[in-house]
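Visitor: Provided below are the primary sequence and the corresponding predicted coordinates.
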Amino acid sequence: MTAEEVLEGLDEEQRQAASTLTGPLCILAGAGTGKTRAITHRIAYGVRAGVYDPHRLLAVTFTARAAAEMRSRLNSLGAPGVQARTFHAAALRQLQYFWPLAIGGTMPQILDHKVRLLAEAARRLHITTDRASLRDLAGEIEWAKVSTLTPDSYLEVAEEGAGRPEPGGVDHRTFAKLYQSYEDVKLDKHLIDFEDVLLLTVGILEDDERVAAQVRQQYRHFVVDEYQDVSPLQQRLLDLWLGGREEICVVGDAAQTIYSFTGATPDFLLNFTSRHKDATVVKLIRDYRSTPEVVQLANTLLSDRTREQARLTDPPAWPDPLRLVSQKSHGPTPQLTQHAEDDAEASWIAEQIGVLQQRGVPLSEIAVLYRTNGQSQAFEQALAQAGISYQLRGSERFFSRAEVREALAALRTSSLVEEGGDTVPEAVRAVLSSHGWRREAPETTGAVRERWESMAALVSLADQLDAEREDFTMKAFLAELEERSAAQHAPTVEGVTLASLHSAKGLEWDAVFLAGLNEGLMPITFAKEQKEIDEERRLFYVGITRARTYLSMSSASSRHSGGRGKRQPSRFLRPLRQELGLEEPTRRIAPSSGSKNPNSSARSKKTATCSSCGTVLSVPTEVKRRRCSECPARYDEALFERLREWRSAQAKELEVPAFM
Ligand code: ATP
Ligand code: MG
């Protein structure tokens, strides 16, 4: 392929970007405008034109998968040999190579179980905590490290201004001690972690001129995709690689900044022209991915924020939205539906996927996206029941999760002494409560929240089956769980993608179902400040713009697994509803309508009045108990106590694995 041929298939602005081979270049553009395509073609064009030596160019992408895709694209464009890597992979190679020269001896191994090490650090400090909290604490250590904060400087930053939420259930001071202890344990064991790879590479590049000179000699040109989500540490590394040179091309969309919680910031993208005075800036606005109908909704979502900002006296930063213009022909009108319950929503989605499949849409071209990984259970269940294969991206299948396996072990043990006067849901609640599960959702993201959602899903399933079946026993419940587990583990060759919105970044599908668009999930409960709400909006924008042709957005008025009470549809849907010409309320779909679940219609018929406050009840277990979820004294505390006592006695005898 000749250099000129590489430029074919690009529009005018993309061509301008691709043919600007020298100097700082910043491509600012919205989702689906061909940013990734433009930089890939730019590299290939530079190589084919003889301006770039492929071995002297480093392209940095956000995920290993994106890097592999770029390498394969470059191969097919006639530019093999270019290094396309993540920041980590690039840094690791340099660290391994230069370790003997800069540090000497053997490079420590990279630890693969941060949580295990952190557990030891906690033990040294006599801090008792559970595994999910440890996972969240490990996340906070990652954040501190990519923000280049030591345990001491962490304290100052965490407590200043609005402060940082307390991680994993410990206060900032305790966290700082734990962070220090973790670093000590790591050092004692001659291990390094993932963030150390970046920190140490930065360290040797800063301290050792020989290393810096060699790296700069090797790489002359740098390209960074998804630059809006670069962390201060990654930027520092990039600056060191550049060493004051200007051969840098960055690509980003500030409206897609969704990783702030990991320390990423769009500031480097937004301030690129102040840092590089001679930068060429190219804006792309033609959207090649999505239909006009989908693009219109994405534009509306962003412009709604701009209107809102105009009303504020002290507007927080919000990027000037680049209005996208679709290049595709018209497609179906996006769907916006509201369901009574989350499992009815999931069954409806499974049904719609079945329809798309019949129309010839391959399953690999369909995705269901949600806010938290914990939400996947309802979809795993609905798809398994409908016989539709699926694969999870970025998280484990429900029945493979450690907390679910442990919960099942605990339920199995409890079934051995079923006395059961107790209904199955009561027994399930009691067993899980004795392991620390609480009815209220934790006001946090991450592993603690995910564990809670998994437990809540088990409780809600017990409620549902108890209402549907006569003489429902713990044995029957466990048998059902076994069966579901087996169904969900059927091997998949090609399947629907189930993924969190975060892990859908940069990807695209013909059909996208955005599910659980309710207040509390989108935006998520703990997003309270304006900047947090803004990030949630951007996440929603990322979700919408993943769809090529078919887009479905749905909400569920009550979530079995999502805590108590009714849930309102997401505030972000308001302008979209107007855009779609839908009256309030949006189309409501009854839980039983066309559902493949043979039991759901039986369930929907049951209603009763709460014996305590008179509220009309619809949730099956509440019907049975005749007491609504809002009324106090819902559980038999004595029963709990008895089960707790029993559990601890049994646990000693049977050596039941610790649940957390
Ligand atoms: P995101 O912001 O989601 O990362 P992006 O801006 O990187 O999106 P790409 O993934 O590069 O966009 O492109 C989106 C889709 O549009 C891809 O399927 C790509 O092949 C297609 N595309 C981009 N530019 C063109 C073009 N000039 N002609 C035809 N198709 C194009
Ligand atoms: Mg891209």
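Guide: Thanks, I have the structure now. Numbers count the residues shown, from 1 in each chain. Ligands and ions are numbered 1, 2, ... in the order given.
Visitor: In this protein, what residue lies closest to ligand 2?
Guide: Thr36 (3.4 Å; C-beta to the ion). Yep, even glycine has a C-beta here, placed from its N, CA and C like the rest.
Visitor: Name all residues that make contact with the nearest residue to that residue once chain neighbours are set aside.
Guide: Nearest non-adjacent residue to Thr36, counting by C-beta to C-beta, 6 or more residues apart in numbering: Asp225, 5.7 Å away. For Asp225, the contact set (C-beta atoms under 8 Å, 6 or more residues apart in numbering) comprises Lys35, Thr36, Ile39, Ala59, Val60, Thr61, Phe62, Ala66, Met70, Val251, Gly506.
Visitor: out of those, who's near ligand 1?
Guide: Lys35, Thr36, Gly506 (C-beta under 6 Å from any ligand atom).
Visitor: ok, these vs Lys145, which is closest?
Guide: Lowest distance from Lys145 to these (C-beta to C-beta) belongs to Gly506, with 24.2 Å.
Visitor: pretty sure that closest one belongs to a helix, no?
Guide: No: under DSSP: H, G, I helix; E, B strand; the rest coil, Gly506 falls outside any helix and is assigned coil.
Visitor: Once you drop chain neighbours, what's closest to it?
Guide: Here the residue nearest Gly506, using C-beta to C-beta, 6+ apart, is Ala66, at 5.7 Å.
Visitor: about what we covered before: okay, who's weakest in the ones next to ligand 1 among the contacts of Asp225 by pLDDT?
Guide: Lowest in pLDDT among the ones next to ligand 1 among the contacts of Asp225 is Gly506, which has 90.
Visitor: That one: neighbour count?
Guide: 19 (other C-beta atoms under 10 Å).
Visitor: One more: His330?
Guide: So His330, with other C-beta under 10 Å, has 9 neighbours.
Visitor: you'd agree it is up against Ser290?
Guide: No: contact criterion C-beta atoms under 8 Å: His330 and Ser290 do not qualify, at 11.4 Å.
Visitor: Make sure the residue of the chain closest to ligand 2 is indeed in a strand.
Guide: No: Thr36 is assigned helix when assessed by three-state DSSP, not a strand.
Visitor: close enough to count as contact, it and Thr63?
Guide: No: counting by C-beta under 8 Å, Thr36 sits too far from Thr63 to count as a contact (11.8 Å).
Visitor: So the two - more neighbours on which side?
Guide: Between Thr36 and Thr63, counting by other C-beta under 10 Å, Thr36 is the more crowded of the two (19 against 16).
Visitor: and Ala49, what does it touch?
Guide: Contacts of Ala49 (C-beta under 8 Å, 6+ apart): Ala3, Leu21.
Visitor: Tell me the spacing between it and Val6.
Guide: Counting by C-beta to C-beta, to the nearest Å, the gap from Ala49 to Val6 is 8 Å.
Visitor: before we move on, what about Gly543?
Guide: 32 Å.
Visitor: out of those two, which sits in the more crowded spot?
Guide: Gly543 (28 against 24).
Visitor: and whatever helix or strand the more buried one lives in, what's its mean pLDDT?
Guide: Assessed by DSSP states H and E, Gly543 sits inside helix 530-544. Across helix 530-544, the average pLDDT comes to 93.
Visitor: With stretch 454-474 instead?
Guide: 83.
Visitor: what do you get for stretch 57-74?
Guide: Mean predicted confidence for stretch 57-74 is 90.
Visitor: Now do it: everything it contacts.
Guide: Stretch 57-74 has contacts (C-beta under 8 Å, 6+ apart) with 36, 39-40, 43-44, 46-47, 80, 82-87, 89-90, 219-226, 229, 238, 241, 505-506.
Visitor: Show me just the buried residues among the residues you listed.
Guide: Buried members of these, counted by 16 or more other C-beta atoms under 10 Å: 36, 39-40, 43-44, 46-47, 82-87, 90, 219, 221-226, 229, 238, 241, 505-506.
Visitor: Okay, and which of those map to strands?
Guide: Among the buried ones among the contacts of stretch 57-74, the members found in strands (DSSP state E) are Gln83, Ala84, Arg85, Thr86, His221, Phe222, Val223, Val224.
Visitor: between those residues, which is nearest Ser485?
Guide: Thr86 (33.8 Å).
Visitor: how far away is that closest one from Ala29?
Guide: Between Thr86 and Ala29 the computed distance is 22 Å (C-beta to C-beta).
Visitor: now swap in Phe540 and tell me
Guide: Phe540 is 19 Å from Ala29, where distance means C-beta to C-beta.
Visitor: ok, those two, which is more surrounded?
Guide: Phe540 (27 against 24).
Visitor: so who does the more buried one touch?
Guide: Contacts of Phe540 (C-beta under 8 Å, 6+ apart): Leu301, Leu501, Leu514, Leu517, Met522, Ser570, Phe572.
Visitor: And for Trp143?
Guide: Phe261, Thr262, Gly263.
Visitor: Find residues that contact each of Thr36 and Thr63.
Guide: Common neighbours of Thr36 and Thr63 (C-beta under 8 Å, 6+ apart) are Gly506.
Visitor: List the buried residues for stretch 115-126?
Guide: Leu117, Leu118, Ala119, Ala121, Ala122.
Visitor: Keep only those of these that are in strands.
Guide: Among the buried residues of stretch 115-126, no member falls in strands (DSSP E).
Visitor: when you check ligand 2, which of the residues you listed turn up near it?
Guide: Filtering these for proximity to ligand 2 by C-beta under 5 Å from the ion leaves nothing.
Visitor: Same list (the residues you listed) but as JSON lines, adding pLDDT.
Guide: As requested, the buried residues of stretch 115-126 are exported to JSON lines (pLDDT from 0 to 100):
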{"residue": "Leu117", "pLDDT": "92"}
{"residue": "Leu118", "pLDDT": "93"}
{"residue": "Ala119", "pLDDT": "92"}
{"residue": "Ala121", "pLDDT": "94"}
{"residue": "Ala122", "pLDDT": "93"}
